[in-house]
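[1] what follows is a predicted protein model with its sequence.
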Amino acid sequence: MKPLGPIPPGFVSRDGELVIGGGKVSDLVAEAGGTPLFVYARDRIATRLSHLRAAMPARVGINYAIKANPFEPLLSYMRGQVDGFDIASGGELQLVERIGIDPAKVSFAGPGKRDDELEAALVAGVTLNCESEGEAARTLAIAERIGRTPRMAVRVNPDFELKGSGMKMGGGAKPFGVDAERVPALVRSIIEGRAEWRGFHIFTGSQALSADAIIDAQANVLDLAARLSDEVGIPLPKLNMGGGFGIPYFPGDSPLDIAAVGEALHGRLADLPASLARTDLCLELGRYLVGEAGVYLTRVIDRKESNGVTYLVTDGGLHHQLAASGNFGTVVRRNYPVAIASRFAAEPAEEVNVVGCLCTPLDRLADAAELPYADVGDLVAVFCAGAYGASASPASFLGQGPAREMLV
Ligand SMILES: *Cc1c(COP(=O)(O)O)cnc(C)c1O
């Protein structure tokens, strides 16, 4: 037996079935027209945001990093829920424009922005988080050619990292941002280039569950921002402090203590250096806001035995939920939280392997999992599917096509 990850708290059953956002899974699947299906629950996002806002100082804005989940109805919903949006491509820029998000609330990070993306961003009026001196020079040249005043921030590659972070994105040599010691000179050239100076973006990592690690990283981010803006010699207009707030995916993971993070941040903000006294502060979060609000539902197509092992073969798989299969940046495969959604109230009865329908041994959804008896037609739920699911999986692989998605 291999343990399953923890099911996010608050999921209940009705008539024996899993309920998501007030609807039974069989009804949701019927409404969507079938499986595989991602269901994202508004009520869970709202609750998450209200707890987060209660814990964080009011001065700190909450941004949504849309790469976590760019499903349009969800993005439209987020427009009324968060203070800003972080995008990382020209495609995501088109998305925020289509949805009518105020460009003043949008910042565009990401290495390798092409000239056409920079131009579209300048025309739209979003803030560009410059990832290099070369990109800053290209931005200023394009702005001059098209007669726009660019809004420019600098993404700093910090000289520290978020400890215990699932994905390290700061510290040492990185493709992201500009090394801290070169930042003051770059900022001066941006200001001399007549850009509107928008401040720093300092992202230190992702998927941290340790409050202490986040508290340390935030303290370091504030210190670094103060030191760099003192060197630049003008007060900092804005500081995107990054995020890195993680969610429990695997057995043994416990939720981040958001109250502890908030309390420490309250303390820090109470005695900020002069250069940050009036700085606009924000966090940028992806999975923490939406990850636990999503459930991936897939149907059992076949039940079979091989050498004493029972397989539940589903109509879904890694082409929709790459991360749950263990092939999205993990070294050792561990089980995500998985349940038999159509028998959510039933007790575990047997050990099974839940696999996808792709013809590759990589396509696993749960290994040696203790689950209630399930047969052809039953629905399997993979939890923590609200972030880095549909849009971060190879939907064209093996020609199975994309999953349905719905916001409830
Ligand atoms: C991916 C990313 C995020 C969101 O990360 P989560 O782990 O989903 O919170 C935020 N900011 C930047 C710069 C990113 O690249």
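    Yes, it's here.
[2] name the secondary structure element that contains Met152.
    When secondary structure is defined by DSSP states H and E, Met152 falls within strand 151-157.
[3] show me what from the stretch 1-150 of the chain comes close to the ligand.
    The stretch 1-150 of the chain comes close to the ligand at residues 65, 67-68, 86, 109, as judged by Cβ under 6 Å from any ligand atom. (Each C-beta comes from the backbone N, C-alpha and C, glycine too.)
[4] any idea what Val309 is bridged to?
    Beta-bridge partners of Val309, counted by DSSP bridges, are Ser306.
[5] how many neighbours does it have?
    Neighbour count for Val309, taken as other Cβ atoms under 10 Å: 12.
[6] which of the residues of the stretch 1-150 of the chain next to the ligand ranks first by neighbour count?
    Top of these by neighbour count (other Cβ under 10 Å): Asp86, with 30 neighbours.
[7] pairing partners for the helix or strand harbouring that one, with directions?
    Here Asp86 sits within strand 84-87, counting by DSSP H and E. Using DSSP bridges, strand 84-87 pairs in its sheet with strand 60-65 (parallel), strand 106-108 (parallel).
[8] next one: the first one to chain centre, how far?
    Computed by Cα atoms, centre = their mean, to the nearest Å, the chain-centroid distance of strand 60-65 equals 12 Å.
[9] and what of the last one?
    A distance of 15 Å separates the C-alpha centroid of strand 106-108 from that of its chain, computed with Cα atoms, centre = their mean.
[10] which residues are in contact with that strand?
    Strand 106-108 is contacted from outside by 63, 84-88, 93, 96, 117, 121, 124, 126-129, 153, 198, 201, 240, using Cβ atoms under 8 Å, 6 or more residues apart in numbering.
[11] can you rerun that using 6 Å?
    85-87, 96, 121, 126-129 (Cβ atoms under 6 Å, 6 or more residues apart in numbering).
[12] other SSEs contacting the strand holding Met152?
    With contacts taken as 3 or more Cβ pairs under 6 Å, 6 or more residues apart in numbering; DSSP states H and E, strand 151-157 sits against strand 127-130, helix 183-192, strand 196-201.
[13] same for the second one, what does it pack against?
    Put plainly, it is helix 183-192. Counting by 3+ Cβ pairs under 6 Å, 6+ apart, helix 183-192 packs on strand 151-157, helix 211-232.
[14] same check, this time on the last one
    With contacts defined as 3+ Cβ pairs under 6 Å, 6+ apart, the packing partners of strand 196-201 are strand 151-157, strand 238-240.
[15] tally of neighbours for the nearest residue to Ser393 once chain neighbours are set aside?
    Closest residue to Ser393 apart from its sequence neighbours, by Cβ to Cβ, 6 or more residues apart in numbering: Leu322 at 4.0 Å. A count of nearby residues for Leu322, using other Cβ under 10 Å, gives 22.
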